[in-house]
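>>> could you work out the structure for the sequence below:
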Amino acid sequence: MSTPLNNPHPSFLDKSFEKIANDIISNHIGADSLLIGLGSGRSVSRVVNGFSDSVARNCEFICTSLQIKIDAERKGLKILDETRIPLLDLVVDGADQIDGDYFMIKGGGGALLREKILYHSSKKTIIIGDFAKFVHVFSRPLPIEVIPFGRTAVIRFLIEMGAKPALRTLEKGYPYLTENGNIILDTMFTDFGNVLDLENKIRKIPGVLETGFFVKPASIYYKALEDGGFQVIGKRPTEGKHSVQRVD
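Purely as a prediction, here's the structure:
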């Protein structure tokens, strides 16, 4: 694709993601029989590959992308269809960037619409990313899923907003199509200062199906560290603030 989707994970992060997978199993799955939604991307793939045999036996899964579905099949996970989405107990997903307010940009892998459906349907949400994904202010283009018929109109509206939209393409130059049959405009904004206002304005444009802004806070964030450890970030219920715990 013409837009880089994710920074490659260095090999020294392997240990971090292995520990994160074990922590999710221990503290959020255990021996329970859960219905788990799986997002897309390298972070989710690494966690799926780290799931234990007991998780494969006891839990059922809904996948947002073919990439993760193939990983799940190789792992022997029980995969269900989208009719069970309202019953989701847990969603495990990654993010392209997470800003200082814990808003996220997602959609580098093209599954933003499906990911958002699962994300908002689940009782608990877990987001995983390496240390480079946590930033103070967004600095990458925002993926926007658009129906093909609305391409030129949406591009004009975005330009009038001061944005720079670029049609996502494959290596040979053909338009990238999501698994829903839509196009993606990777759109750079000069100012990501008011994410909520920006999200609201974009969603009002006719032809826009979904944006890669995820503004609902996750239940838990896992940050993989370059030294093999990781941090667990979660909200303190009484204060509404985020607490950070390091695990080695």
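
>>> show me where this protein has helices.
Counting by DSSP state H, the chain has helices at residues 14-24, 42-49, 53-58, 66-74, 112-121, 151-160, 195-203.

>>> the fourth one vs helix 42-49, what angle?
Put plainly, it is helix 66-74. With axes from the mean of the first three to the mean of the last three CA atoms, to 10 degrees as the basis, helix 66-74 and helix 42-49 are set at 10 degrees to each other.

>>> can you tell me which helices and strands helix 66-74 packs against?
For helix 66-74, the packing partners by 3 or more CB pairs under 8 Å, 6 or more residues apart in numbering; DSSP states H and E come out as helix 42-49, strand 60-63, strand 78-79. Bear in mind the C-beta positions are built from the backbone N, C-alpha and C, glycine included.

>>> what is the burial count for the residue nearest to residue 161 when sequence neighbours are not counted?
Nearest residue to residue 161, sequence neighbours excluded (CB to CB, 6 or more residues apart in numbering): residue 201, at 6.7 Å. For residue 201, the neighbour count with other CB atoms under 10 Å is 14.

>>> gap between residue 201 and residue 64?
Look at residue 201 and residue 64: by CB to CB, to the nearest Å, they are 26 Å apart.

>>> beta-bridge partners for the closest residue to residue 92 other than its chain neighbours, please?
Leaving aside its sequence neighbours, residue 92 sits nearest to residue 126 (CB to CB, 6+ apart; 5.0 Å). Taking DSSP bridges as the rule, residue 126 bridges to residue 92, residue 220.

>>> and the gap between residue 126 and residue 166?
31 Å.

>>> the two: which has the busier surroundings?
residue 126 (26 against 14).

>>> show me what contacts that one?
Residue 126 makes contacts with 24, 28, 90, 91, 92, 93, 218, 219, 220, 221, 222, as judged by CB atoms under 8 Å, 6 or more residues apart in numbering.
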